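Trainee: below: sequence and its predicted model.
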Amino acid sequence: MTTLVIVESPTKARTIRNYLPSGYRVEASMGHVRDLPSSAEEIPEAVKGEKWAQLGVNVDASFEPLYVVPKNKQKVVKELKEALKGADELVLATDEDREGESISWHLQQLLKPKVPTKRMVFHEITQEAIREALKNCRDTDTRLVHAQETRRILDRLVGYTLSPLLWKKIARGLSAGRVQSVAVRLLVKKERQRRAFRQGSYWDLKATLEQNKAPFESRLLTLAGTKIATGSDFDPNTGQIISGRKVKLLNEAEARELKERLTDKTWTVTEIEEKPVTRKPAPPFTTSTLQQEANRKLRLSAREAMRIAQNLYEQGYITYMRTDSVHLSEQAIAAARSCVEQMYGKKYLSPKPRQYTTKSKGAQEAHEAIRPAGQTFRTPKETGLGGKELALYDLIWKRTVACQMANAQITQITVLLQVEDAGFRSTGKRIDFPGFLRAYVEGSDDPNAALEDQEVILPPLKVGDHPDCTELEAISHETQPPARYTEASLVKTLEHEGIGRPSTYASIIGTISDRGYAQMSKNALIPTFTAFAVTSLLEKHFPDLVDTGFTAKMERTLDEISTGEAEWLPYLRQFYKGEKGLENQVKDRETEIDPNVARTVELENLEAKVRIGRFGPYIEVENEQNLLTASIPKDLTPADLDPEQVEVLLKQKTEGPENLGLHPETGESIFMLIGSYGPYIQLGEVTEDKKKPKRASLPKGVNKEDVTLEMAVGLLSLPRLLGEHPATGSKVKAGLGRFGPYVVHDQGKEGKDYRSLKAGDDILTIGLERALELLAQPKKSRGGSRSKTKTALKELGNHPQDNEPINIYDGPYGPYVNHKKTNASLPEGKSPEDITLEIALELLAAKSSTKKSTSRSSKSKGTTKKTAAKKTRKTSSSN
């Protein structure tokens, strides 16, 4: 008997194949095999004339979706149909969430199996889990399918109804989305707060005290019984003390005068308070918390974190990564507690097993938290993983193990001191028992280092002691604007507000960036001027669609549909076709929206108008003679655009660019200009004979005000020759590229070897000796785990033809044989120990022949297409 098992990906197929009995064939669907049409060419001829065809949903016939098989999936579907012909049974083993259920349902609809069909679900890919899942197969859950389908239809209705409106009124290529637009509005609201922010300043005193030669710090708390003002006492919109606050605001003169008055006076400890605090470990990861912590600790985007987590799951290292649940199975708890006992000792175990419950009302998807897979947890070192995969697995392992550890016992110490009429406060923290902090500290990669950072030790003190003051400083402070969203904080806010599903946050944030609504800078998401324009239009004309409360209510209704508590069809009819439905709203509003107004961004305290043009945002100012416009550089954010910036941009237009001086060799003027990507230097003017004069960007961290003529000449000379490499005689150069300043060993046809400059290196002064030092250092790859310098698992010897080494390395999909640029996977069931040089040569030869045949096939297809195109053109011209 032959059983065909269908999963989503080749990686998952390879892993599962190892755990299934003989007679089972595993194939991959490569994700969804059917979807709503993504372009006009995918719409079937039979319905192309229908007014709803572009929408992909027949809104007049019970919102029936139009499903098509995309071109890139037609071959996959054909292969699956062929595979099914030789099977006696079909097992659909796609993921256990709504998307996975939907894929299984679509496969059934397309393949139309005439053999018994089962649905197999599991949340980890281990031998035990797969064997258990085979015994407990079920039918496809139509409620989950309906819930996914309703979401898909709803997202299509919002996106395909509003996006064309944005194209007409603002700019082509823009998009709106049920969750996406709300997320963009959150970014815009935060930027508006930053723009409205007014900075406040205040002063205080910091004392360095000493008791029995042990130093500690103390801060000014009160003066004559009145609390000293701190940042929290200021109104962010005025920069002044909040009305009604009874605090003393110190200016510089008062702070310095107080410092002089208190110098050499007697300090007395007046009160000591010790407060015991118990800290409990965080629950194991859900999709949302994993994305947040991966962003905070590993600086991974939500999209990247989910991609790596998917790889780990499909390779059998972790449980399913799309889940809202913090629940752990009894097996997982036992495995975690075993790890704690072995690595930290019994005293670090929690007195009894911890079981967490999910608080979120809409929690669904997989039924267990994200954790290491299996009945026993492999330590990060035991996995053989590398790079980002190892880092993410390490994070998941630590969080899971820590949740079964004892509480941390901490004592918080507060010491109040008096000197004259000034009250000071010192705070300390003593970790009496670290508990789970030994394994995991949120926001830190090194728990032991974090423990040291968390402890603030005060010397032994008692009331009535008189510590010595060794230093007293008057310190200036300025209030800071509200922090922008990071991916982590945006994910946290979306989940807290009940907007969207955590499993979709990665793609939503990716879309926001891809569509030009936000740009990433120092891990912060900064909304663009386009985001401001789109948000303003939606707030004014479709306020419900960007309201967090309305969107959260919509999400709850969708959850109710999945549980059978609400009907999907009446809800869609009301949302789209109702009296106040989306279709009628768009019809009513379209004529009211003036494109000129929609393309204008209103910014507080700015007379100049900001408009969205074909080539990006620009400022527009009317003067007595005419209308002046200037492009806004991409790195200039809405919160930072002020009248001074406007003046600089317009000055370049009216008076021409700033002339830094003449080039000592050519005699041409060197200009400082501001373009779409910020300030840059240009040699000479643009003329008919010289349409593209030499230009150079400024190095990161260099302001245009700091650029001298000498620096400009140096930047224009890049890339500059430093000398010859002693080993090859090839050129060594220094230059400024996309990723910053670099040195390069240029060996012509042999290739170029680059190294980035380190902190302290100057691109304009670096010499050959320092460049050779950098080039001698191992090269770090941007991909993390795929470094060219990584250690081989096994060295097999040299290739007989070119004497180049043949080694076995560990890759993201398992061990592989490498020779120069050719990689070949190890045969199934074989380990690196089984591979000899002879076997490796056979594997590499087979791989090379496959590459050649694929290349010939591609060329043949290309020739066929060109020939067909020529025939088509001839036929067209003869008609």
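Mentor: Thanks, I have it.
Trainee: end to end on stretch 726-738, go ahead and measure it.
Mentor: 28 Å (CA to CA, to the nearest Å).
Trainee: who touches that stretch?
Mentor: 696-697, 699, 715, 718-725, 741-748, 750, 757, 763, 766, 768, 771-772, 775 (CB atoms under 8 Å, 6 or more residues apart in numbering). Placement of C-beta: from N, CA and C, glycine included.
Trainee: return the set of buried residues in that stretch.
Mentor: In terms of neighbour count (16 or more other CB atoms under 10 Å), stretch 726-738 has its buried residues at 731-734, 736.
Trainee: before we move on, what about stretch 607-621?
Mentor: 608-612, 616-619, 621.
Trainee: with stretch 651-658 instead?
Mentor: So, applying 16+ other CB under 10 Å, buried residues of stretch 651-658: 652, 657-658.
Trainee: if we can go back for a sec, and which of the buried residues of stretch 726-738 is nearest residue 189?
Mentor: Of all the buried residues of stretch 726-738, residue 189 sits closest to residue 736, with 37.2 Å by CB to CB.
Trainee: would you give the sheet partners of the strand or helix carrying that closest one, along with the direction of each?
Mentor: Element membership for residue 736, per DSSP states H and E: strand 731-737. Sheet pairing of strand 731-737 (DSSP bridges) gives strand 720-724 (antiparallel), strand 740-746 (antiparallel).
Trainee: show me what the helix or strand hosting residue 472 is packed against.
Mentor: Using DSSP H and E, residue 472 falls within strand 468-478. Packing contacts for strand 468-478, counted by 3 or more CB pairs under 8 Å, 6 or more residues apart in numbering; DSSP states H and E, involve strand 201-211, helix 252-262.
Trainee: for whichever helix or strand comes after it, what is the average pLDDT?
Mentor: Going down the chain from strand 468-478, the next helix or strand is helix 487-497, by DSSP H and E. Mean pLDDT, computed over helix 487-497, is 92.
Trainee: and helix 487-497, which residues are buried?
Mentor: Quick answer for helix 487-497 (16+ other CB under 10 Å): 487-492, 494-495.
Trainee: which one is the residue nearest the centre of the chain nearest to, not counting chain neighbours?
Mentor: Centroid-nearest residue in the chain: residue 301, 1.6 Å away (criterion: CA atoms, centre = their mean). Among residues not flanking residue 301 along the chain, residue 487 sits closest, at 5.8 Å (CB to CB, 6 or more residues apart in numbering).
Trainee: for residue 5, see how far away the one you found is.
Mentor: 36 Å (CB to CB, to the nearest Å).
Trainee: how about low-confidence regions in the stretch 751-879 of the chain?
Mentor: 780-791, 811-814, 828-831, 833, 849-879 (pLDDT under 70).
Trainee: now do the helices in it.
Mentor: Taking DSSP state H, counting those that start in this stretch, the helices of the stretch 751-879 of the chain run over residues 768-776, 837-878.
Trainee: ok, now how distant is residue 762 from residue 431?
Mentor: Counting by CB to CB - residue 762 and residue 431 are separated by 44 Å.
Trainee: the two: which is more packed in?
Mentor: Using other CB atoms under 10 Å as the criterion, residue 762 and residue 431 rank with residue 431 on top: 17 against 12.
Trainee: now that one, what's its secondary structure?
Mentor: Classification of residue 431 using DSSP: H, G, I helix; E, B strand; the rest coil returns strand.
Trainee: and if you look at residue 520?
Mentor: Here residue 520 is strand, with the state taken from three-state DSSP.
Trainee: which residue, other than its chain neighbours, is closest to it?
Mentor: Nearest non-adjacent residue to residue 520 (CB to CB, 6+ apart): residue 513, at 6.7 Å.
Trainee: any idea which element that neighbour lies in?
Mentor: With DSSP H and E as the test, residue 513 turns up in helix 505-514.
Trainee: in that helix, what's buried?
Mentor: Those would be 505-512, for helix 505-514 by 16+ other CB under 10 Å.
Trainee: average pLDDT for that helix?
Mentor: 89.
Trainee: by contact count, what packs against that helix?
Mentor: Applying 3+ CB pairs under 8 Å, 6+ apart, we find helix 505-514 packed against helix 180-196, helix 287-298, helix 302-314, helix 487-497, strand 518-521, strand 524-527.
Trainee: which of those sits closest to residue 400?
Mentor: Taking CB to CB as the criterion, residue 400 comes closest to helix 287-298 out of the helices and strands packed on helix 505-514, the separation being 11.2 Å.
Trainee: which residues in the stretch 1-150 of the chain form strands?
Mentor: Assigned by DSSP state E, counting those that start in this stretch, the stretch 1-150 of the chain shows strands spanning 3-7, 24-28, 57-58, 64-65, 89-92, 117-119.
Trainee: for the last one, what is the average pLDDT?
Mentor: Translated: strand 117-119. Mean predicted confidence for strand 117-119 is 96.
Trainee: the fourth one now?
Mentor: In this model, strand 64-65 has a mean pLDDT of 95.
Trainee: so what strands line up beside that strand?
Mentor: Strand 64-65 has these strand partners (DSSP bridges): strand 57-58 (antiparallel).
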